[in-house]
Every structure is written in C-alpha cells, then in structure tokens.
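K.L.:
sequence-free structure coming up:
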C-alpha cells in the first residue's frame, strides 16, 4: 500500500524527470529540499508555509525564472539578495519562490534564466501581480557571478 | 434516555469496569460481578481455557461499560455475569500493540451510547486536531453523534493561541459538529455542556490531562472523581483515571469517564471507506473522474482535491484524511 508521506525530509523520485533525489542536508545544503536538482521541477504541496504539506493541488511546478530574495535590511542594496528560483504551478497557476540548493544544476538554472528572457511579457505580468521582481537581461552579470563565481 | 434494568433480578447495566471485575447496577443496588467462564469461552473460543479471573490477561473482553447484562446474584452480595444483551451501538478502537509486529485487536470502549464527547484542552496539553479527527471518524463509522468539548479556555484567553484555536473551532462548526468551549475553573460553558449532555448517555474520550474528570466534577458536583494537574516538566497528563466508569446524571442520562489514551487506532475500517466518514467530503464522493475508484490522492479530476483547493474542504481535514488512510 502506498503510504502518505508527510515527512518533508524524505528522499523522493522526481515526478518530472524520474531521478532519485536525496534530501540529505549535507548533499543539498538546504534544510528543506524543495525541488529536483536535475530538472529543477517541484510539486505544489505547501500551502501556508514551507513544509506544511497542506496543499491538495499536488500539481507539477515548473521553473520559470530567477529572482532575488528581498533582504530584511532595508538599507541593503537590492543586488545583495540571495538568488531564488521562481516556480509556476502547471495545474493552478500559483507562483512561488524557492531557495536554490547547493547541488542544483547551474547550467539548467542558466537555461531557465535564458528561457524566461524570451517569454518575459506573460511571465512578467504574472510576477508583477505577485510582487516578484523577475531578473532580466540587465542582471546577466549578477546571475553568472552567482552561479559560476565569475562572469562567463 | 433513562437507564433502567428491565428485570431487577437478573438484568443490569455495567457501570464500572476494572481488571476482571464489573460493577453491575440494577434498579436497587450496585453488585460487583465477575464473568462466567462459559460467557468467556463462548465469546472467545480459541482462548477458552482460561477463566474469568485471568480475564485481564486476555485480549477480547465480552463486556463493556454501558452493556446490559444478565447476571446471577450469589449469597455474598456479589454476582456472576452470564449473558450480554444485544447492543444498540458501541465505540471501539484498535488496541495499542504491546510490541512491534504484534496484532492489534478490537477494544470496545463503551456500549449503548447516545453521543461521543471528544475532550481536548485549549492548552496544556495542546490540542491534537488529527486525534480529534480520529475520534470523529470512529464515531461517524458507528453512526454515533459527536459533541466536541474544549477545556481550559481560561489558559488561553486573550492570547494568540486563542485566535488560532478559534480558527480550528470554526472549522469543525462549519462541518456541523457542535463545539462547546469550557473552563471548569471559571465555570464557563459548563451549563451549555450540561444541557447538551442531559438525558443522553455520553462517553468522554481524550488524552490524559485534558480535564475529562475535572469536567465531570464540574458537571455533577459531589462526585469527587480523582483529578490531578498535568506534569509540569512534560506538560502531559498523569493517567489519573485508570478505569472506565459510568456516572448517572441527576437530570437524566449518564456520563462515561474513560482513562486518557495516547493513541486511538481505527478498527474495522477500510481505507477506501474513510472519506465517507468525513461529512464534508460526502457530497463529492462519486464525482471524481475515476468515480468511486478515486483514491483522492494524485488522481487527475479528483472532486475532493478540487474542493480543498476551492476552500470548500479544510486542508487540515484533508491532510488528516490522507494520514488516516495511510495508517490503515
């Protein structure tokens, strides 16, 4: 019988690419593994806060863009915020922003960034409604330095 | 409902149950009774070699508090129970397993009930809503109405905990369950509860330390049921009540006090039937794309999941439903 997995720290098999994903903090560098490090897809399972597993949508969440986490320090420069991944639920259309894990594929992250530049009008409208700043061409240097350490 | 023995000489109601000993009340007096070996053998033939003395070591007990039983009085003012009359209904749980891998068995808590009263403390110990859902589903499965009681409201008054608690209370009220907020110290809500219990046979169930016996003392002053404060270090109850006992109310009806339970396993329910025992899910059953075969988990076109997303069903109740299904 299939069991109801409410353990937020359990290993899982990605619903999108089928890869086995370890939830060990030592591997991912984050406390709560949110998405697959290979294809960056996630699932819409949290409702009010990360890890609550209260959402019944359970739809696939596709990576659609990158943003910066807003710093709690109101005097900090905007570019100092942590690089975050934007997910879009393919079932109900909800947007959520999530931390990038240490073992996330940087090339795939770059692909997500580049693809969002192509179809930015629709996505930008969605992000604007949610108050999320979508990174654009002007942020290429910042994204590259965050992902690779240097601009390539 | 009045509890009256139909035949004062040989039929009575079980008021109290301790290890191997039953207090049977007929219209005149309370008689301490043991169980006849024949009744024990008839009920549990594979373990029939034992006698009523070692009943406590056996798994299945044929007699529960609230049962109407046939008994014979002996000369020394005690008696022997030799028959159990058919039950109107009963409330049972899967017993706690004594060791990993052991089989659970059906444990009848009480019989011939009019309502189940799950009791939870507003704080100290904090309420476990999933446990409440277990009680409610069990009561629904036996077709017994429930009245939810929250005790110790004085502990959370004016705090943020109260606001969160009221959200949960609202959730259950919307489904249709009556919720009574009480404080035995401030005598708040006791009259409303008294009214809800009058003329009915009710069983109080809940974790240790939530205040079931305190509530009983507040409802029927003079009973003098033993109570204790929760452990200050652990915040948990001290398992003060160790036996099941029924207390008749002066205004009619009766209250059955039970020992606190740490776990309440569902008994005799199939995972596919659980959704029916969530009243708010009933209208959606059969409306899924896969009809009654839907497991309401990840199936596309599931009406129940859609109702949760639309806000018609509480996500907390849906999560409880999924956990209950997984546990069976």
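P.N.:
All right, it came through fine. Remember, it's a predicted structure, so these values are computed and weren't measured experimentally.

K.L.:
what helix or strand is residue B:312 on?
P.N.:
Residue B:312 belongs to no helix or strand when assigned by DSSP states H and E.

K.L.:
Residue 62: how many residues sit nearby?
P.N.:
Using chain A. Residue A:62 has 16 neighbours, counted by other CB atoms under 10 Å in any protein chain shown. Bear in mind the C-beta positions are built from the backbone N, C-alpha and C, glycine included.

K.L.:
Please refer instead to chain B.
P.N.:
By other CB under 10 Å, 19 other residues sit near residue B:62.

K.L.:
which secondary element of chain B has the worst mean pLDDT?
P.N.:
helix B:37-43 (a mean of 80; mean pLDDT, DSSP states H and E).

K.L.:
State the next helix or strand along the chain beyond that helix.
P.N.:
Downstream of helix B:37-43, the next assigned helix or strand under DSSP H and E is strand B:68-73.

K.L.:
before we move on, back to that, buried stuff in the least confident helix or strand of chain B?
P.N.:
Buried residues in helix B:37-43, counted by 16 or more other CB atoms under 10 Å in any protein chain shown: B:37, B:39, B:40, B:43.

K.L.:
Next: stretch B:245-257.
P.N.:
Neighbour-count burial for stretch B:245-257, counted by 16+ other CB under 10 Å, picks out B:245, B:246, B:247, B:248, B:249, B:253, B:254, B:255, B:256, B:257.

K.L.:
Please list all residues in contact with the third one.
P.N.:
Read it as residue B:247. Residues in contact with residue B:247 (CB atoms under 8 Å, 6 or more residues apart in numbering or on different chains) are B:216, B:220, B:223, B:225, B:254, B:255, B:256, B:257.

K.L.:
Now do the same for residue B:138: helix, strand or coil?
P.N.:
Under the three-state scheme (DSSP: H, G, I helix; E, B strand; the rest coil), residue B:138 adopts helix.

K.L.:
Isn't it up against residue B:266?
P.N.:
Yes - Residue B:138 lies in contact with residue B:266 (CB atoms under 8 Å); the separation is 6.1 Å.

K.L.:
Give me the common contacts of the two.
P.N.:
Common neighbours of residue B:138 and residue B:266 (CB under 8 Å, 6+ apart) are residue B:93.

K.L.:
who has more neighbours, those two?
P.N.:
Taking other CB under 10 Å, residue B:138 and residue B:266 do not tie; residue B:138 has more neighbours (26 against 20).

K.L.:
Only the buried residues of the helix or strand of chain A with the lowest mean pLDDT, if you could.
P.N.:
Within chain A, no helix or strand scores below helix A:120-130, which has a mean of 79 by mean pLDDT, DSSP H and E. By neighbour count on 16+ other CB under 10 Å, the buried set for helix A:120-130 is A:120, A:123, A:124, A:126, A:127.

K.L.:
from the chain's centre, how far out does it sit?
P.N.:
Distance of helix A:120-130 from its chain centroid, counting by CA atoms, centre = their mean, to the nearest Å, is 16 Å.

K.L.:
if we can go back for a sec, of the buried residues of stretch B:245-257, which pair is most distant in space?
P.N.:
Farthest-apart pair in the buried residues of stretch B:245-257 is B:245 and B:253; separation 15.0 Å (CB to CB).
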